[in-house]
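>>> Have a look at this fold, sequence not included:
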C-alpha cells in the first residue's frame, strides 16, 4: 500500500506541497511526526538527493526516530545522507568544518552547564564580587539570554534595557563578567551550548561564501517544533533558506511553553508575514485523546488571544469527564493520588501508562512519600542523567582534555583524580598563573618558568608527569577509534583501577557505571561503522554526549513504574492516565507570571498537560499547601474557570478520588479492548524511557542455565537465564556475594568457575 494512503486529507496536502514556504499547524496528537517523516520520504521520491535536505528537531531522540522511520520507507542507504538532528548538533557539524574562520580549532570543547557555572564562579571570585549576589546560575541565565538574542558582550554593555535590568537586580557587573567569560572560553578553545548557535550566526554573517555553500547544500529545510525557536535559531533558518525559501515549519502555537529558554512564539505567529506567499496547513484531528479531553482542552485554550485559530477534534470514544477534586491539604492530595494509582492498577492500567504532572519540582516530595508508602514504583522523568554522574563526568573530562589540552574545566576536574598529591592550593596557583599569562592551565604546567608558576620542585614534578601523560594521550587521540582510546585511557590513568579497588556497594555501582559508559561508546562506534563511517574518533563521541537532552537518556532498569514529571518535561509525551496536581493560584499559574503574555503561556502549559492524557485526566488542588517553610492557604487556579463545566466532574474536599460515572458511548471501543492494543502503549513506553515489551526469545551462547561463571567485578555466580530482549542479548546471574544481576552478554566477559 502506498504510504500516502495512510494519511488523512489535511496531512496528505501538507506532505505533497513543496512549491514554496509553508507552515503546518499541528494540533496536539494530530500526527505531526508522521507528516514530517512522510514529507521527507516524498521529497526523496521526487528525486531530491538526501544530502540536500536539512531537518531540524529539538531532541536527538526525535531525530533518530524520524530517521529510522524514513529509512524503513526509502531504505537506509538513502536515508543515511540526510542532514537531520537538533539545531545544536547540526551547528556543531558546521562549526567543526569551519572553526578556523572563527579562531577556533576543529577539536573545540563544548562546555555544559556545570562547566560554564564553574568558569563564572571563578570569574566572580577573581573580580572580588559578592558570591551570594552574583550566583553562577543567575549570571549564566543572563549570558544565555544575551547570546540567544545575538548580543555580544560589547552589544550587551551598551544595551540600556539589559543593563537597567541588571542594575535593578543588583548585579550591575554582568556585562563585565560576560566579557571575561567569553575571553576565558576562547582561551580554552571552548564554546558553550549557546555559542553553537551564536557562532554559526557569526560565521554566516561574516563569511558570505560559506553561507552560500550551505545554502547550496540545503535545498529543502524542515523545522520541527517551530514554536520553540528563539531569535538565533530563527535567523539561522532564515539565512539558510534564502533565496529560494523551500522551507516547511511545523508546530503548534498552543504548545509554546519555553519562553524562559528564549523561545519566541512570534516566530510561528508571524511566519506568514515573514515569507511572501507562505501557505498554511492545519492538522486538526487528534488521534490520541478522547473527545471529552480534546473538548476540555479546546475550551481552555480558547481564552488566549495570541494564537492561530484552529478547531481540534477527536473521533475516538467520548470518554470520561475530567475529574476535578479539591483537598484540604497537599498531604491529602498526595495520599489520594497514590490511592487512585493503586485502584487504576487493579483495574488493568499498567504503571507505565500513568503519569503525575506538577508545575514545580518541589511538589514531587509529598507525592513520592505517598507512593513509597503504598509500595508503588515510580521514576522521576528528567532526573539526574547518566552522563551527569560524577564518575562519568570525571571520565569524560579526561577524554576532553586529551582532545583539547587547553580545556581548563576538564583540567581542574582530573588533575588530582585519581589522587596525585596535587591539592587545591596548587590548583589555585596554576589557575592564577594562567590568568595572568592569558594562557590555559595546561600551558602553565608545561612552561612553569615562562608563566612564573610558584610551586615546589616536588609539586612541579607531579605536574610535569601529569602533563606528559595527557600529551601522550593527545598524540594518539586522532588516530585511535573512540572505544579503543577510551578503554586505554581509563586503564592508563588509573581510573578503572581505583574504581575496582572500592568494593563497597557505592564503589561497585560506580564501576558498573564506568563499564556501562564504555559499553555505550562501543555501541556508538559500532552504529557509526554500520552507517558507513570508516573511522570514529573520540571527538565524535564527545559531540554526541555534549548534545544529549533529557529525553535522550536511558532508564536504569526496565521495571514498570509510574512517571512523575513537571509539565514542561511532559511535552511530546502521552499517557493513558494523567494526574495534574496543584492547580492553585500562585502555583499554576506561577506566582512569577503576572503579565498578560505570561498568563497566556501558563494557560498553554495547562493545555499541554491536559492533552497528554489519552483516556483519563484527573485535576487536583488543595486548600492549604506547605510551601517555603510554612503552611499557606490557596485558592483554585483561575484556569479551572476557563474549562467548560460540562467537561468536568467536580468534588470538594475528598480524601479519595470518586470513580467515573460517565459511560462510554456504545460505539466506542471497550476499555478491555483498548488495553489489548500494544501500539499506543509501546509509543508511550518509548517516550518515557520505559519498556513494556517483555517478549523474550532464546539466544545461542556458550553459557547455559546452571553454569557456574566468574565475573571480574562481581565474582562467582550461577547462570539463571540467557535470552534476547529489547535488541540486546542478556544473561541473568545469581552472584554469590552481590545477588542477582542482569548483564549485557556482549560485555559480560565471563569465565568458567
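Alright, I've got the coordinates. All values reported here derive from a predicted model rather than from experimental measurement.
>>> got the end-to-end distance for stretch 498-513?
The straight-line separation of the ends of stretch 498-513 (CA to CA, to the nearest Å) is 14 Å.
>>> Going by neighbour count, which residues in it are buried?
By neighbour count on 16 or more other CB atoms under 10 Å, the buried set for stretch 498-513 is 498-499, 507-508, 510-513. Glycine gets a C-beta too; all of them are placed from N, C-alpha and C.
>>> Run a quick neighbour tally on the nearest residue to residue 545 once chain neighbours are set aside.
Of all residues beyond its chain neighbours, the one nearest residue 545 is residue 387 (5.6 Å), with distances taken as CB to CB, 6 or more residues apart in numbering. Residue 387 has 18 neighbours, counted by other CB atoms under 10 Å.
>>> any idea how far residue 387 is from residue 68?
Distance, residue 387 to residue 68, by CB to CB, to the nearest Å: 22 Å.
>>> what's in contact with the helix or strand hosting residue 723?
Element membership for residue 723, per DSSP states H and E: strand 715-725. Here strand 715-725 makes contact (CB atoms under 8 Å, 6 or more residues apart in numbering) with 693-699, 701, 703-711, 729-738, 740-741, 745, 753.
>>> Check stretch 199-208 too.
91, 94-95, 98, 101-102, 150, 191, 210-211, 214, 232, 235-236, 239-240.
>>> cutoff 6 Å now
91, 94-95, 98, 101-102, 150, 211, 232, 235-236, 239 (CB atoms under 6 Å, 6 or more residues apart in numbering).
>>> Need the buried ones from those residues selected in ChimeraX.
In ChimeraX syntax, the buried subset of those is picked out as below (16+ other CB under 10 Å):
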select :91,94,95,98,102,150,211,232,235,236
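>>> Return the subset of the contacts of stretch 199-208 lying in helices.
Residues of those located in helices (DSSP state H): 91, 94-95, 98, 211, 232, 235-236, 239.
>>> of these, closest to residue 143?
residue 232 (13.3 Å; CB to CB).
>>> Quick check: nearest residue in space to that closest one, chain neighbours excluded?
Using CB to CB, 6+ apart, the closest residue to residue 232 is residue 197 (4.2 Å).
>>> gap between the one you found and residue 89?
11 Å.
>>> Same question for residue 609.
The value you get for residue 609 to residue 89, if CB to CB is used, is 29 Å.
>>> From what I see, residue 38 and residue 16 are in contact.
No. With contact defined as CB atoms under 6 Å, residue 38 does not reach residue 16; the gap is 9.4 Å.
>>> So between those two, which is more surrounded?
residue 38 (23 against 14).
>>> Quick check: the closest residue to the more buried one other than its chain neighbours vs residue 280, distance?
Of all residues not flanking residue 38 in the chain, residue 15 sits nearest, at 5.0 Å (CB to CB, 6+ apart). Distance from residue 15 to residue 280, counting by CB to CB: 15 Å.
>>> show me the contacts for residue 53.
Applying CB under 6 Å, 6+ apart, the residues near residue 53 are 43, 82, 220.
>>> Out of those, list just those in helices.
residue 43.
>>> if I look at residue 752, how far off is residue 699?
Distance, residue 752 to residue 699, by CB to CB: 18 Å.
>>> and stretch 470-485, which residues are buried?
The neighbour-count check on stretch 470-485 (16+ other CB under 10 Å) flags 470, 473-474, 477, 480-483, 485 as buried.
>>> any idea of the mean pLDDT for it?
What stretch 470-485 shows for mean pLDDT is 94.
>>> Likewise for stretch 154-162?
For stretch 154-162, mean pLDDT rounds to 94.
>>> I'd like the numbering to begin with 10 instead of 1 from here.
Right, with 10 as the first residue, what we last looked at is stretch 163-171.
>>> can you give me the strands for the stretch 660-762 of the chain?
Secondary structure of the stretch 660-762 of the chain by DSSP state E, counting those that start in this stretch: the strands cover 706-707, 717-720, 724-734, 737-744, 748-753, 760-761.
>>> Strand 724-734 and the fifth one, what's the angle between them?
Relative orientation of strand 748-753 with respect to strand 724-734: 50 degrees, computed using axes from the mean of the first three to the mean of the last three CA atoms, to 10 degrees.
>>> just for the stretch 460-609 of the chain, where's the confidence low?
Scanning the stretch 460-609 of the chain for pLDDT under 70 picks out the ranges 513-514, 557-566.
>>> Strands of that one, start to end?
571-575, 584-589.
>>> need the ones you listed in JSON lines with mean neighbour count and distance to residue 300, can you?
Below are those laid out as JSON lines (neighbours: other CB atoms under 10 Å; distance: least, CB to CB, whole Å):
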{"stretch": "strand 571-575", "mean neighbour count": "24", "distance to residue 300": "25"}
{"stretch": "strand 584-589", "mean neighbour count": "26", "distance to residue 300": "16"}
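>>> Ok, which of these comes nearest residue 322?
Minimum separation from residue 322 across the strands of the stretch 460-609 of the chain (CB to CB) falls at strand 584-589, 20.1 Å.
>>> re earlier: so which of residue 24 and residue 289 has more stuff around it?
The neighbour comparison of residue 24 against residue 289 (other CB under 10 Å) goes to residue 24, with 24 against 12.
>>> Pipe the strands of the stretch 460-609 of the chain into JSON lines and attach distance to residue 188 per row.
Formatted as JSON lines, the strands of the stretch 460-609 of the chain follow (distance: least, CB to CB, whole Å):
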{"stretch": "strand 571-575", "distance to residue 188": "34"}
{"stretch": "strand 584-589", "distance to residue 188": "44"}
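>>> looking at the ones you listed, which is closest to residue 265?
Closest of the strands of the stretch 460-609 of the chain to residue 265 is strand 571-575, at 16.4 Å (criterion: CB to CB).
>>> Show residues contacting that closest one.
Contacts of strand 571-575 (CB under 6 Å, 6+ apart): 350, 360, 363-365, 373, 387-390, 697.
>>> what do you get for stretch 455-469?
Contacts for stretch 455-469 (CB under 6 Å, 6+ apart): 435, 442, 446, 453, 476.
>>> residues near the residue nearest to residue 490 when sequence neighbours are not counted, how many?
Among residues not flanking residue 490 along the chain, residue 545 sits closest, at 5.3 Å (CB to CB, 6+ apart). Residues lying near residue 545 (other CB under 10 Å) number 21.
>>> So what does residue 545 look like in phi/psi?
phi -120, psi 100 (degrees, to the nearest 10).
>>> got it, and residue 260?
phi 180, psi -170.
>>> show me the contacts for it.
By CB under 6 Å, 6+ apart, residue 260 lies in contact with 234-236, 277.
>>> quick one: which of those is most hemmed in?
For these, neighbours tallied by other CB under 10 Å; top is residue 235, 28 neighbours.
>>> Now do the same contact list for it.
Contacts for residue 235 (CB under 6 Å, 6+ apart) come out as 258, 260, 277.
>>> go with 10 Å
Counting by CB atoms under 10 Å, 6 or more residues apart in numbering, residue 235 touches 32-35, 65, 67, 242-243, 246, 256-262, 265, 272, 276-277, 280.
>>> Residue 77 too?
By CB under 10 Å, 6+ apart, the neighbours of residue 77 are 46, 85, 88.
>>> Turn the residues you listed into TSV, columns for distance to residue 594 and pLDDT.
TSV is the format used below for these (distance: CB to CB, whole Å; pLDDT from 0 to 100):
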residue	distance to residue 594	pLDDT
46	42	93
85	53	84
88	49	86
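>>> What remains of these if I keep only buried residues?
46, 88.
>>> Please flag which of the contacts of residue 77 sit within helices.
Using DSSP H, the subset of the contacts of residue 77 located in helices is 46, 85, 88.
>>> In a markdown table, list those residues along with distance to residue 537.
Shown next, in a markdown table, are the ones in helices among the contacts of residue 77 (distance: CB to CB, whole Å):
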| residue | distance to residue 537 |
| --- | --- |
| 46 | 23 |
| 85 | 13 |
| 88 | 15 |
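>>> farthest residue from the center of this structure?
Residue farthest from the centre of the chain, counting by CA atoms, centre = their mean, is residue 466 at 46.4 Å.
>>> Closest one of the ones in helices among the contacts of residue 77 to residue 590?
Closest to residue 590, out of all of the ones in helices among the contacts of residue 77 and judged by CB to CB, is residue 46, at 34.7 Å.
>>> Noted, bye for now.
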